[in-house]
Structures are given as structure tokens and as C-alpha cells.
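Colleague: based on what follows, work out the 3D shape:
(chains A and B)
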Amino acid sequence: KAGVTQTPRYLIKTRGQQVTLSCSPISGHRSVSWYQQTPGQGLQFLFEYFSETQRNKGNFPGRFSGRQFSNSRSEMNVSTLELGDSALYLCASSPGRLAGALQETQYFGPGTRLLVL
Amino acid sequence: QQQVKQSPQSLIVQKGGISIINCAYENTAFDYFPWYQQFPGKGPALLIAIRPDVSEKKEGRFTISFNKSAKQFSLHIMDSQPGDSATYFCAASTRRSGAGSYQLTFGKGTKLSVIP
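Modeller: As a prediction, the model looks like this:
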């Protein structure tokens, strides 16, 4: 099976702009989670989508949003970019079944590195 | 507050030695503890995971030891190799009540360098 893919891999934006990142989960996986990774804060949970619905949300401002499509692909959007949004944005997929031993195992993509100037 | 504290921040081990990374957590509702390995420019890759109903799990050279009463767990890498040089993250999750959703809370990471 192909792994989690994320596009684009690198992105440079300026303050005030908005950005959309894309994630394609492993085939058959219905849950997609997004994480932000920075040297200072480490890996922090942004939100999780399952069957096109946001099931869980981390402690990030409303400028960070996401959505999931019927084919489980997901996008996240950051509006009004700030310098502090520079980070590696990681997408992770999991089977998302409510029963089963490995339902919670999350498989990460390579990430999108965002630089805000 | 849901936190996972990881130590040490960095670790240098001789080839063939044992690398040990420790994590401690506070939230007793955590019920799944994975370890991830991350190489520069790559996303984290799942190494091994454990549930609190077992005290140890071994997969190849990687072993997780789990102490439920102390709320601590650790990763042991036996016969460490230069190819093991990477950043290792411990994590913990719990299912949100009724939601079926799992959110990983990560430690800050340990940069392991294995020298020949």
C-alpha cells in the first residue's frame, strides 16, 4: 500500500497570506489527523477528521481550519499567516474503526515545510 | 493537563551499546503508548507501541518497558547502530469519550547519535 502523501512538500509565504495544504491518507484509512512540528513546541495536535467530520480539535486559533472529502483526502488551511506559523505540518492517517487492536495507530506522511517571511 | 515528559533531550551511544529513553505521563486515562522514530526531512515512523496491560514488549532490538504505577515508560535499543541515529518521540493517547477519536500527545523528543 502507498503511504500517506502530502503536497506540497515545501512552501514559502509572506505574513498575512493564506495557505492550503493537502493530505492523501493510506488507502482504506478513514481518519486523518494534522500536527504542527516546531523546534520549540515539538509535535502538537491540530485536529482530526473522520468521515468528513471534525471529531477532535487541538488548542490552535481559528485561523487554522481543515476539511475532509468523501474519499478521505484532507486539506488544512491557515489564514492570515504569522511568522510563528513557520513549521513542519504533518498529516497522519489511521484506520479509524471503532473496534480493533490497531485502530489508533497513526501513520505519518513526510510533512509540508512552511516558511512564513 | 495532558503532558508527556521525555528525557534525555540528546543521547550519544557507542555502536553496540544500549540506548535508553524515558518518558513519564500524568493523565491516567492514557491507554496507548507508541514510540516514533524520525529522520531529518521525514515524517515520524511508528517503531513500537504498548498498552498498559503489559509491562514489556519487544520487537527485534527495540523494547518498551512500562511501569503503570509509576506512570513511566521507556524505550531500550539494544546493540545500537549508526543507522539508529535519529530523533525518537514517545507519545500517548486516549480515546475521547464517545468520539472514537485518538489524539497523540508527544514528548519533546530525544536526539540519538550512535557513534562508531
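Colleague: next, the contact list for B:F62, please.
Modeller: B:F62 is in contact with B:35, B:47-48, B:75-78, counting by C-beta atoms under 8 Å, 6 or more residues apart in numbering or on different chains. (C-beta placed from N, C-alpha, C; glycine too.)
Colleague: ok, of these, which come out buried?
Modeller: Using 16 or more other C-beta atoms under 10 Å in any protein chain shown as the burial test, those include B:35, B:47-48, B:75-77 as buried.
Colleague: which positions in chain B make contact with chain A?
Modeller: Neighbours of chain A within chain B, by C-beta under 8 Å from any C-beta of the partner chain: B:32, B:34, B:36, B:41-46, B:49, B:89, B:91, B:93, B:95-96, B:99-109.
Colleague: need the phi and psi values for B:G83.
Modeller: Reported as degrees, to the nearest 10, the phi and psi values for B:G83 are phi -70, psi -10.
Colleague: tell me how far the residue nearest to it when sequence neighbours are not counted lies from chain A.
Modeller: Setting aside the residues directly before and after it, B:G83 is nearest to B:V114 in space (C-beta to C-beta, 6 or more residues apart in numbering or on different chains), at 7.8 Å. Between B:V114 and chain A the computed distance is 22 Å (C-beta to the nearest C-beta, to the nearest Å).
Colleague: report the beta-bridge partners for B:V114.
Modeller: B:V13 (DSSP bridges).
Colleague: who's in contact with it?
Modeller: B:12-15, B:17, B:19, B:80-85.
Colleague: before we move on, what about A:T53?
Modeller: Counting by C-beta under 8 Å, 6+ apart, the residues that A:T53 touches are A:Q68.
Colleague: and A:S72, by the same measure?
Modeller: With C-beta under 8 Å, 6+ apart, A:S72 has these contacts: A:25, A:29-30, A:32, A:93.
Colleague: among these, which one has the most neighbours?
Modeller: Using other C-beta atoms under 10 Å in any protein chain shown as the neighbour criterion, A:V32 leads the contacts of A:S72 with 30 neighbours.
Colleague: what helix or strand is it located in?
Modeller: Using DSSP states H and E, A:V32 sits in strand A:31-38.
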